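Chemist: quick check, what structure comes out for this input:
(one chain, ligands or ions: 2)
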Amino acid sequence: MDKQIGFIGCGNMGIAMIGGMITKNIVPPDKIICSDLNLTNLKNASKKYGITTTTDNNEVAKNADILILSIKPDLYSSIINEINEQIKNDVIVVTIAAGKSIKSTEEAFDKKLKVVRVMPNTPALVGEGMSGICPNEMVTEKDLEDILNIFNSFGQTEIVNEKLMDVVTSISGSSPAYVFMFIEAMADAAVLDGMPRNQAYKFAAQAVLGSAKMVLETGIHPGELKDMVCSPGGTTIEAVAILEEKGLRTAIISAIKRCTQKSVELSSLIKHL
Ligand SMILES: NC(=O)C1=CN([C@@H]2O[C@H](COP(=O)(O)OP(=O)(O)OC[C@H]3O[C@@H](n4cnc5c(N)ncnc54)[C@H](O)[C@@H]3O)[C@@H](O)[C@H]2O)C=CC1
Ligand SMILES: O=C(O)[C@@H]1CCC=N1
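Modeler: Numbers count the residues shown, from 1 in each chain. Ligands and ions are numbered 1, 2, ... in the order given. A predicted model of the protein is given here:
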């Protein structure tokens with residue numbers, strides 16, 4: 001792709017996407033420019049990935065054919081104000097903020113422009129991201145193809161209706177945090193039983209990776225895959241019984257429901273900023 005990609009914000013998600021794209025060679029480093037106020041983040045990005053960096057958001061806005069706003073949701077309106085005069089007419093603006101609707105982005109720019117709302121996640125950094133994608137009506141098929149090329153370069157994508165973006169946030173954007181907690185807890189248990197910590201992370205993380213692959217690649221129902229591990233009168237069913245007793249499923253369902261709700265709340269909060 002020969003388009004200039006601009007990032008405003010080079011924090012956790014910005015660097016994960018930049019790292020994913022460079023590693024997969026989808027865009028050469030000289031086609032990526034990133035701005036941030038945090039000099040350490042900029043230095044890290046230019047040193048590690050060889051991209052152009054600046055503290056001037058307008059420098060990015062002026063040059064970008066695809067502009068990815070990877071700043072916190074509450075900064076969107078002020079940064080859009082700052083760059084509005086400088087953006088190219090046919091720029092594709094990509095938003096990744098939780099609770100930031102397409103309509104609110106269009107209203108903040110106060111002109112008709114191409115907007116794609118995306119909810120990615122940090123496993124992008126290792127090429128295993130997942131992104132929910134929703135374009136507005138100004139986005140052409142060719143534009144969408146370019147956006148899919150970018151986000152497919154560091155993982156998988158699904159085009160979704162915007163009304164599902166809050167649940168995409170809770171099941172995908174935020175969910176790596178729950179999975180890391182699960183891995184950490186499994187490793188703690190193994191350490192308790194005498195295993196060295198580094199080895200415990202490897203066993204726990206590989207079990208999560210392999211199990212996820214089985215769900216994705218075999219198409220077998222997760223319940224059936226679970227049953228295949230539980231030998232009658234064996235070890236696994238003892239653990240499963242405790243997880244049910246302690247409410248693992250209920251805890252996860254409640255947590256994800258609350259996360260979705262927070263994304264909905266952020267939408268109405270941001271609207272009024
Ligand atoms: N962290 C995650 O796992 C995910 C985050 N997101 C979304 O990505 C966005 C960014 O989140 P994170 O990367 O986690 O936040 P972060 O705090 O790690 O990164 C934000 C970056 O913006 C920079 N920044 C602050 N003020 C600025 C300004 N005026 N001009 C330019 N840069 C400025 C900060 O220095 C920081 O480097 C949020 O809107 C969030 O909802 C979406 C999916 C996953
Ligand atoms: O916690 C957050 O608000 C962001 C959105 C998805 C993941 N992190």
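Chemist: so which residues of the stretch 151-273 of the chain form helices?
Modeler: Listed in chain order, the helices of the stretch 151-273 of the chain (DSSP state H, counting those that start in this stretch) span 165-168, 175-192, 197-218, 222-229, 236-245, 248-271.
Chemist: okay, these, which one's buried deepest?
Modeler: Ranked by mean neighbour count, the helices of the stretch 151-273 of the chain are led by helix 165-168 with a mean of 23 (mean count of other C-beta atoms under 10 Å). Yep, even glycine has a C-beta here, placed from its N, CA and C like the rest.
Chemist: which SS class is residue 90?
Modeler: The three-state label given to residue 90 by DSSP: H, G, I helix; E, B strand; the rest coil is coil.
Chemist: hmm, residue 2 is touching residue 30, no?
Modeler: No: here residue 2 lies out of contact with residue 30, judged by C-beta atoms under 8 Å, at a distance of 10.8 Å.
Chemist: ligand 2 contacts on this structure?
Modeler: Taking C-beta under 6 Å from any ligand atom as the contact definition, the chain meets ligand 2 at 98, 169, 173-174.
Chemist: cutoff 8 Å now
Modeler: Taking C-beta under 8 Å from any ligand atom as the contact definition, the chain meets ligand 2 at 12-13, 73, 97-98, 119, 121-122, 169, 173-174, 176-177, 262-263, 266.
Chemist: which of those residues sits closest to residue 214?
Modeler: For these, the residue nearest residue 214 by C-beta to C-beta is residue 176; the value is 18.9 Å.
Chemist: show me what contacts that closest one?
Modeler: Going by C-beta atoms under 8 Å, 6 or more residues apart in numbering, residue 176 touches 121-123.
Chemist: highest neighbour count among those residues?
Modeler: residue 121 (24 neighbours; other C-beta atoms under 10 Å).
Chemist: centroid residue for this structure?
Modeler: A centroid search over the chain (C-alpha atoms, centre = their mean) returns residue 121, at 1.8 Å, as the residue closest to the centre.
Chemist: if I pick that one, what's in contact with it?
Modeler: Contacts for residue 121 (C-beta under 8 Å, 6+ apart) come out as 129-131, 155, 172-176.
Chemist: ok and whichever strand or helix holds residue 77 relative to helix 248-271, angle-wise?
Modeler: Following DSSP states H and E, one finds residue 77 within helix 76-83. Counting by axes from the mean of the first three to the mean of the last three C-alpha atoms, to 10 degrees, helix 76-83 lies at 40 degrees to helix 248-271.
Chemist: so is helix 76-83 next to ligand 1?
Modeler: Yes: judged by C-beta under 8 Å from any ligand atom, helix 76-83 and ligand 1 are in contact via 76, 78-79, 82.
Chemist: residue 138: which of those residues is nearest?
Modeler: Comparing the residues of helix 76-83 next to ligand 1 against residue 138 with C-beta to C-beta picks out residue 76 as the nearest, at 18.4 Å.
Chemist: tell me, how many residues neighbour the closest one?
Modeler: Per other C-beta under 10 Å, the neighbour tally for residue 76 reads 20.
Chemist: swap in the one 10 residues further on?
Modeler: Taking other C-beta under 10 Å as the neighbour definition, residue 86 ends up with a count of 16.
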